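>>> Next one to model:
(chains A and B)
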Amino acid sequence: MSAITREEVAHLARLSRLALADEELDHFAAQLDQIVGAVARVAEVATADIPPSSHALPLTNVFRPDVVAPSLTPEQALSGAPAVEDDRFRVPRILGEEA
Amino acid sequence: MSELIRKTASELGSLIASGEVSAVEVTQAHLDRIAAVDDRVHAFLHVGAESALAQAAAVDARRAAGEELGPLAGVPIAHKDVFTTTDMPTTAGSKILEGWRPPYDATVTRRLREAGLVILGKTNLDEFAMGSSTENSAYGPTHNPWDLTRIPGGSSGGASASVAAYEAPLSTGTDTGGSIRQPAAVTGIVGMKPTYGGSSRYGLIAFASSLDTPGPFARNVLDAALLHEAFSGHDPMDSTSIDQPVPSVVEAARQADVAGLTVGVVKEFGGDGYQPGVLARFQEAVELLESLGAKVVEVSCPSFTYALPAYYLIAPSECSSNLARFDAMRYGLRVGDDGTRSAEEVMALTRAAGFGPEVKRRIMLGTYALSSGYYDAYYGSAQKVRTLISRDFEAAFQHVDVLISPTTPTTAFPIGERADDPMAMYLADLCTIPSNLAGNAALSVPCGLADEDGLPVGLQIMAPVLGDDRCYRVGAAVERAFEARWGGPLLSKAPAL
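The predicted structure follows:
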């Protein structure tokens, strides 16, 4: 039985903001199914008494003093933007239009 | 061909310091080499000849003015194209960043400049450092200088090939699951993954933030240590940077002895799936260490067999989140913005056009592993395996000073062989991944050529967290003994390009 179906890959692609073509969905479904089947092995040893590690080394949050420091100019920050208007990032519409 | 390109970085540093050659001459010799061979090797995505010569001239001027400069001042270096550079494009091997000029330098870039290293250009890599062959680069694969039909390893394959092809004496890399050690092993050079947090991630385009570690490539252990020292150390711009002194790696590389050390052979890394020539060279390295005065014992690390599946859940999960930043809004590619489409549609079209297949696979795999309903079984279990692997390392380092294994199960495979078989490709990182999950230091040094194909084999030396110096001490001892046996560096056996 497949762990990952074509429909599931289509859903993952939507969540991942990837506009995939139909043939890509077929190709990825077979590959992701194989990969997920192989990596599921981790559950064999992951018993309830083992604490999870999100990082290799112990971490504490790091703060810097809350003072103004040199940073990018608007020109630098916008230098790689696909579209710019009035010193701002120009983006496609973000709200749905009512029909 | 100029003899300068055959010199080690430390030799070049001394020659430049004493005034026997200028940094400009050294830089020009390497630019000439790149011009002569890189159409076949394809190690570089961008060569900055003019800026390199200008940097070299600046070093020569400072020297002439009597300034005291560091040991690598004027020495050329190839820089992996995943570090931001203000004076060169930064693509991460992806179409989504084609032509991008970052507005700031990575900390590693800045420290290379401060050390007076001359950046020749940016090297090829698997897209966003995801891969083991550089075949996932959107700009075409890099070729292994030992055999141009084979892969140079990955993801830092341009970095390894540039050093193995004498286009640069040094290069930078990043290691998330083996992306420095595996390319070093299959091209017959030295590659080091420092302790996680020992080198800064600021300005390193993120793949998997809890694993990504910048590190050095070189043609010998001392050069790798000199570069390690030049760009490592605490960085307030990276919240996971370790605020402790860099281990004394250069001193350790000069010490180069193993007398009195206990070396553990990882029992789980060998047998089925390993190329006979790799196992034979590894066995020789074990015997060599014994002959040099090390005590060698076998150590079992049972959880290491679960490292590969755990990695292929953790790394894609982190990547699916990190790569959300490529949204077609602030920088990089934008596709389909015709005035009628929404931001979300433009985003999805851009990402579909700008990312290659492996990146798409990993983003979706990570999205799956983090999904409600699957999280505990996949990502949660993988995090528990991560704990088990750290415990195996801790238990082992109670009894041994370093652990060793082959760096990779096989030598360099032919380009194309595993390109559309992700699981086969992932096996290249079998032995390197545990040190990424546990964050400890690990080095790969050449240990000979496999009998069946005449290609390089790497020996992996793993040390505890912040025990980077031990890797260099043992690596340098092995290198010295092997080179005495071989009559020179392994790389001198590579066919001429």
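>>> Show me which helix runs longest in chain A.
helix A:22-39 (DSSP state H).
>>> name the helices or strands packed onto that helix?
helix A:6-15, helix B:307-322, helix B:357-369, helix B:422-426 (3 or more Cβ pairs under 8 Å, 6 or more residues apart in numbering or on different chains; DSSP states H and E). For the C-beta atoms, the positions are set from N, CA and C on the backbone; glycine is no exception.
>>> Show me how far that helix is from its chain's centre.
18 Å (Cα atoms, centre = their mean, to the nearest Å).
>>> Provide the contact partners of it at residue level.
Applying Cβ atoms under 8 Å, 6 or more residues apart in numbering or on different chains, the contact partners of helix A:22-39 are A:2-6, A:8-10, A:12-13, A:20, B:309-310, B:312-313, B:357, B:360-361, B:364-365, B:368, B:378, B:382, B:422-423.
>>> Now restrict these to buried residues only.
The neighbour-count criterion (16 or more other Cβ atoms under 10 Å in any protein chain shown) marks A:4, A:8-9, A:12-13, A:20, B:309-310, B:312-313, B:357, B:360-361, B:364-365, B:368, B:378, B:382, B:422 among those as buried.
>>> closest point of chain A to chain B, which residue?
residue A:56 (2.7 Å; Cβ to the nearest Cβ).
>>> Next one: that residue relative to residue B:104, how far apart?
For residue A:56, the distance to residue B:104 (Cβ to Cβ, to the nearest Å) stands at 27 Å.
>>> ok, now residue B:86?
Residue B:86 is 7 Å from residue B:104, where distance means Cβ to Cβ.
>>> Likewise for residue B:287?
50 Å.
>>> and the two? which has more neighbours close in?
More crowded of residue B:287 and residue B:104, by other Cβ atoms under 10 Å in any protein chain shown: residue B:104, with 16 against 11.
>>> That one belongs to a helix, doesn't it?
No: Residue B:104 is assigned coil when assessed by DSSP: H, G, I helix; E, B strand; the rest coil, not a helix.
>>> what sits against it?
Contacts of residue B:104 were listed using Cβ under 8 Å, 6+ apart, and they are A:72, A:76, B:84, B:86, B:203.
>>> For residue B:361, see how far away the residue nearest the centre of chain A is.
The centre of chain A sits closest to residue A:16, judged by Cα atoms, centre = their mean, with a distance of 6.4 Å. Distance, residue A:16 to residue B:361, using Cβ to Cβ: 10 Å.
>>> does residue B:370 really touch residue B:379, like I thought?
Yes: with contact defined as Cβ atoms under 8 Å, residue B:370 counts as touching residue B:379 (5.6 Å).
>>> which residues do those two both contact?
residue B:317.
>>> can you tell if the helix or strand following the longest helix of chain A touches chain B?
Per DSSP states H and E, the first helix or strand lying C-terminal to helix A:22-39 is helix A:74-77. Yes: judged by Cβ under 8 Å from any Cβ of the partner chain, helix A:74-77 and chain B are in contact via A:76, A:77.
>>> is chain B contacted by the next helix or strand after helix A:74-77?
Sequence-wise, the next helix or strand downstream of helix A:74-77 (DSSP H and E) is strand A:84-85. No: for strand A:84-85, no contact with chain B is found by Cβ under 8 Å from any Cβ; the gap never falls below 10.3 Å.
>>> so what's residue 91 up against?
Since you didn't name a chain, this refers to chain A. A:83, B:329, B:343.
>>> look at chain B instead
Contacts of residue B:91 by Cβ under 8 Å, 6+ apart are B:45, B:81, B:97, B:98, B:99, B:100, B:122, B:138, B:139.
>>> I'd like the residues you listed as CSV, with pLDDT and distance to residue B:196 appended.
Output for these, formatted as CSV (pLDDT from 0 to 100; distance: Cβ to Cβ, whole Å):
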residue, pLDDT, distance to residue B:196
B:45, 98, 27
B:81, 98, 22
B:97, 98, 25
B:98, 97, 30
B:99, 93, 32
B:100, 97, 27
B:122, 98, 24
B:138, 98, 28
B:139, 98, 29
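>>> when you check chain A, which of the residues you listed turn up near it?
residue B:100.
>>> which of the contacts of residue B:91 are buried?
For the contacts of residue B:91, buried by 16+ other Cβ under 10 Å: B:45, B:81, B:97, B:100, B:122, B:138, B:139.
>>> now, which of the residues you listed sits nearest chain A?
Distances from these to chain A were compared by Cβ to the nearest Cβ; the smallest belongs to residue B:100, at 5.4 Å.
>>> was I right about that closest one contacting residue A:80?
Yes: using Cβ under 8 Å, residue B:100 is in contact with residue A:80, at 5.4 Å.
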